[in-house]
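1. here is a sequence with its predicted model. Questions after.
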There are 2 protein chains.
Amino acid sequence: MSEEGFFRSRWVDRPAHVTELDPTALPQGFRAAGVHAGIKPEGLDVGLLVSDGEDTVSAVRFCDNALVGAPIAVTSEARTDALRAVLANSGNSNVADGARGLETARASQAAAAEALGIDPELVALASTGVIGRELPRDALTAGAQACAAALGPDADDFTRSILTTDKGPKRACLEVALPSGATVRLAGQCKGAGMISPRFATMFCFVETDGQLEHSTLDLLTGVCVKRSFDRVSVDGQLSTSDTVIAFANGASGVKIEPETADELALGEAFDALMRQLALEMVADGEGASRVARVTVEGDATAVDKVARAVADSPLVKSALLGADPNFGRILQSAGQALGSGTPFVVDLEIEGMQVVSAGAVIDLDGDAWRTLERSVEGSEVEFRLTLPGEGGEAEVFFSDLTHEYVTINSEYST
Amino acid sequence: MSEEGFFRSRWVDRPAHVTELDPTALPQGFRAAGVHAGIKPEGLDVGLLVSDGEDTVSAVRFCDNALVGAPIAVTSEARTDALRAVLANSGNSNVADGARGLETARASQAAAAEALGIDPELVALASTGVIGRELPRDALTAGAQACAAALGPDADDFTRSILTTDKGPKRACLEVALPSGATVRLAGQCKGAGMISPRFATMFCFVETDGQLEHSTLDLLTGVCVKRSFDRVSVDGQLSTSDTVIAFANGASGVKIEPETADELALGEAFDALMRQLALEMVADGEGASRVARVTVEGDATAVDKVARAVADSPLVKSALLGADPNFGRILQSAGQALGSGTPFVVDLEIEGMQVVSAGAVIDLDGDAWRTLERSVEGSEVEFRLTLPGEGGEAEVFFSDLTHEYVTINSEYST
């Protein structure tokens, strides 16, 4: 944990009722492990996370690429509302390997289940790494067995076993004080350094709580929080074939959290802050990223999302972000591209709170204002705010800059 | 003209009835000039192209960004079917400058018209360069007057005056032998080195013929050829605010080309080859580009275009192209992203004619095949072919690689 603590971004506040614990800790009744199984040349590459409680409920979300990996295909057919464990690996994503890939996924699911003494359909799978290569089946199943024998109350090795191009693990464990007076723990472990880089990246997030929740409550929380976190970030606009979010609630704390109560709301706030900060960690660790930005778009509800995504995914906007260049022209151009011809371009733009465009026309700035503007985009986080005509919509996207290192990472490694 | 001639790409054949002339030449009855007017610190920055024939017909196409420059707004209100001239400048695109920008555009149109002794509504405008800065009105009008005094039968200075980050002029003059026995000339001058880079790039293409065509014929030819050329290229997926294509036919050859004749077809073939090669020159000169690729997608008519564009615009595919890495995983991932979840991913992929994916699963290649594949992507032009389920559709997109130089160009220049 850095000295700054987990909630480092100005865009995510630590809720007042949330306390940070050791980031490698887990809620009660969860255990984890990570081992080197030989899928990667070196380093931890297979991890296992387990909930001991038989009444554990779970919720899952996957990417919506037409091409998904065998682990997602197999997990989708499992008991996604009552998962007890996830077997994860890095180094190979088991994507586009046809029937062989599916067999490997099922074999690894069975091996983990056997070692844990539970039904295979209670075991989720998550693989990340190269696409279109055979995932070594024996290494993965042996890794699953080794993990099952090494399970402990700490998630350190587990979080390391799922990393690819990530600079380091992304994780937190929080104590959440509920209005009822009880406390529960909430932890999350995440990986991802590009929305996708088929050899290296892909994003996973595993979240655990020892609160007792109904499946429908956990599913709702997971869905809402994913939409506000991992759905709102972009490193390179590329959708993975393997993105996986799994939340578990095992009730080990004995604290029951009923739907539509103040306790549910308080837990939801913690969930939201946890997942938003984890998502921001991914952007900040985006392949080669040196600077993170948020673009917020207000106005016409049918347009705000596409405009925000167009700005966030523009390589020109991202290059300007690298250069600490307050280049509003590129923001206007990408917004105009998303809006399309025939739409009146009556757009306001603020950069770090300074208005630079009014009703589609650039405001003349004097030298002092210009220098203030230039300095305002030199920090580690930069804020852009667009206002469109119309009402009812607001969308935000967090994105990283486009750097030489991104090009190096994605061009120089050979298949 | 390079020793290879104009038709350098393997993707564009010189039609047998077409002969290359001096690339700076113009068809009969066209004159051009370019001057330094002080919009850029140095170099030619204002150009004028004029057709002397009063019966000249014209056809125009613009980008469909919601935000377009004042030159497009003013030209759209002119006699777009009977234009006699285009006044172009580089160094400033006159975009997002509100009423002041519109006044400058109209003043420059009037100045060119007066110097040429024609009606202002017969003068088109085209500006390229920085967005959101005042275009110096006096410099542009003085440049228009200086050009009008310097007009000659050669397009060399004109083509140089419209360049921004382009490495050099893109132009050709062709003699087209028609089946009827007559010949006409067809010339084109183009600029563009990014689909858009708001300070520097933007694409223009001006095409002239001394054939006599009806407006409707010229408009049809222009529309069809733009769809097969400038609509099918991408450097960075970014749509300009200033893209402009203008075709002129002045009849100065005395050769009348009737619609739906063999002569029209022959001229159309030349038009098509000219504009496709000019479009490919833009991609090859894409900011920082070192290699050009074509992706062709066959199958479901509702899917082929979005899949081809997704592959062409993926920074991961483009980085792999830079690295001469036959990375089919990234091509599958971007295709799957475009298809979206729920679509069966039954895709075949060939790279340079070698099949590497069958029905969505990667084919195991032995070492020799792998080395052949690797060598096949090392050339200056690389070909990818995807086949989707379904029928009736075929789409192609030409694209450049993503390079360190692209990042440098777009991050290091200050506003």
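-> Okay, I see it.
2. lowest-pLDDT helix or strand in chain A?
-> Least confident element among the helices and strands of chain A, by mean pLDDT, DSSP states H and E: strand A:233-234 (a mean of 82).
3. could I get the CA-only coordinates of the following helix or strand past that strand as CSV?
-> Per DSSP states H and E, strand A:233-234 leads on to strand A:244-249 as the next helix or strand towards the C-terminus. Taking Å, rounded to 0.1, in the frame of the first residue of the first chain, the C-alpha atoms of strand A:244-249 are listed here in CSV:
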residue,chain,number,x,y,z
THR,A,244,-14.3,-11.0,-16.1
VAL,A,245,-15.7,-9.6,-12.9
ILE,A,246,-16.8,-12.0,-10.2
ALA,A,247,-18.2,-10.9,-6.8
PHE,A,248,-18.7,-13.3,-3.9
ALA,A,249,-20.6,-12.8,-0.6
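4. list of residues touching strand A:244-249?
-> Outside strand A:244-249, the residues that touch it by Cβ atoms under 8 Å, 6 or more residues apart in numbering or on different chains are A:30, A:51, A:56-63, A:71-72, A:75, A:83-84, A:86, A:124, A:126, A:203-213, A:218, A:221-222, A:226, A:230. (C-beta placed from N, C-alpha, C; glycine too.)
5. mind doing that once more with 6 Å?
-> A:51, A:56-62, A:86, A:124, A:126, A:204-209, A:211, A:213, A:218, A:222, A:226 (Cβ atoms under 6 Å, 6 or more residues apart in numbering or on different chains).
6. next SSE after that strand?
-> Next element after strand A:244-249 (DSSP H and E): helix A:262-284.
7. from chain B, how far off is the residue nearest to A:V50 when sequence neighbours are not counted?
-> Residue nearest to A:V50 in three dimensions, not counting chain neighbours: A:A85, with 4.4 Å by Cβ to Cβ, 6 or more residues apart in numbering or on different chains. Per Cβ to the nearest Cβ, to the nearest Å, A:A85 is found 25 Å from chain B.
8. contact partners for A:A85?
-> A:V50, A:L116, A:V123.
9. just these: which are in strands?
-> Among those, the residues falling in strands (DSSP state E) are A:V50, A:V123.
10. make TSV from the contacts of A:A85 and add pLDDT to it.
-> Written out in TSV, the entries for those read as follows (pLDDT from 0 to 100):
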residue	pLDDT
A:V50	98
A:L116	98
A:V123	98
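11. how about the contacts of A:A85 in CSV, adding neighbour count?
-> Shown next, in CSV, are the contacts of A:A85 (neighbours: other Cβ atoms under 10 Å in any protein chain shown):
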residue, neighbour count
A:V50, 28
A:L116, 23
A:V123, 28
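12. quick one: is the least confident helix or strand of chain A near chain B?
-> No - applying Cβ under 6 Å from any Cβ of the partner chain, one finds strand A:233-234 separated from chain B by no less than 10.9 Å.
13. that strand packs against which elements?
-> strand A:392-400 (3 or more Cβ pairs under 6 Å, 6 or more residues apart in numbering or on different chains; DSSP states H and E).
14. circling back: so how do I select the buried members of the contacts of strand A:244-249 in ChimeraX?
-> To isolate the buried ones among the contacts of strand A:244-249 in ChimeraX, judged by 16 or more other Cβ atoms under 10 Å in any protein chain shown, type:
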select /A:51,56,57,58,59,60,61,62,86,124,126,204,205,206,207,208,209,211,213,218,222,226
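15. which ones among the contacts of strand A:244-249 map onto helices?
-> A:L218, A:T222, A:V226 (DSSP state H).
16. from those residues, which is closest to chain B?
-> A:V226 (14.6 Å; Cβ to the nearest Cβ).
17. who are the contact partners of the closest one?
-> A:V226 neighbours (Cβ under 6 Å, 6+ apart): A:R61, A:V245.
18. now it: how far from A:L102?
-> 26 Å (Cβ to Cβ, to the nearest Å).
19. coming back round to it: quick one: the least confident helix or strand of chain A to chain centroid distance?
-> Centroid separation for strand A:233-234 versus its chain: 9 Å, with Cα atoms, centre = their mean, to the nearest Å.
20. domain parsing for chain A?
-> Domains of chain A are assigned by automatic domain parsing as A:18-284, A:292-412.
21. measure the longest one end to end?
-> The straight-line separation of the ends of domain A:18-284 (Cα to Cα, to the nearest Å) is 23 Å.
22. on that earlier part again, the residue nearest to A:V50 bridge partners, please.
-> A:V50, A:V123 (DSSP bridges).
23. can you check the pLDDT for it?
-> On the pLDDT scale, A:A85 is placed at 97.
24. any idea of the mean pLDDT in stretch A:294-305?
-> 96.
25. check whether it contacts chain B.
-> No - using Cβ under 6 Å from any Cβ, stretch A:294-305 stays clear of chain B, with a minimum separation of 9.7 Å.
26. so how far is that stretch from its chain's centroid?
-> The chain centre lies 21 Å from the centre of stretch A:294-305; the measure is Cα atoms, centre = their mean.
27. need the contact partners of that stretch.
-> Outside stretch A:294-305, the residues that reach it (Cβ under 6 Å, 6+ apart) are A:11, A:307-308, A:311-312, A:383-390, A:392-398.
28. how deep is A:A270 tucked in, by neighbour count?
-> 27 (other Cβ atoms under 10 Å in any protein chain shown).
29. which one is it nearest to, not counting chain neighbours?
-> The nearest residue in space to A:A270 (Cβ to Cβ, 6+ apart) is A:V176, at 4.4 Å.
30. that neighbour: what secondary structure?
-> Here A:V176 is strand, with the state taken from DSSP: H, G, I helix; E, B strand; the rest coil.
31. check A:A78 too.
-> coil.
32. quick check: closest non-adjacent residue to it.
-> A:E121 (4.5 Å).
33. relative to chain B, how far out is the closest residue to A:P136 other than its chain neighbours?
-> Spatial nearest neighbour of A:P136, excluding adjacent residues (Cβ to Cβ, 6+ apart): A:I39 at 6.0 Å. A:I39 sits 16 Å away from chain B, going by Cβ to the nearest Cβ.
34. distance of A:I39 from A:L140?
-> 7 Å.
35. ditto for A:A111
-> Shown here: A:A111 relative to A:L140, a distance of 8 Å by Cβ to Cβ.
36. tell me the confidence at A:E396?
-> pLDDT, A:E396: 93.
37. beta partners for it?
-> Here A:E396, judged by DSSP bridges, has bridge partners A:T296.
38. just to be sure, A:G132 is in a strand?
-> No - counting by three-state DSSP, A:G132 is not found in a strand; it is coil.
39. near chain B, which residues of the stretch 201-350 of chain A?
-> So far as Cβ under 6 Å from any Cβ goes, the stretch 201-350 of chain A lies against chain B at A:236, A:238-239, A:241, A:314-316, A:319, A:322-323, A:325, A:327, A:329-330, A:332-333, A:336-337, A:339-341, A:343, A:345.
40. quick one, what contacts A:W11?
-> Taking Cβ under 6 Å, 6+ apart, one finds A:R294 in contact with A:W11.
41. that's a strand at it, yeah?
-> No - A:W11 is assigned coil when assessed by three-state DSSP, not a strand.
42. mind checking how far it is from A:E381?
-> 7 Å.
43. same question for A:S76.
-> A:S76 is 36 Å from A:E381, by Cβ to Cβ.
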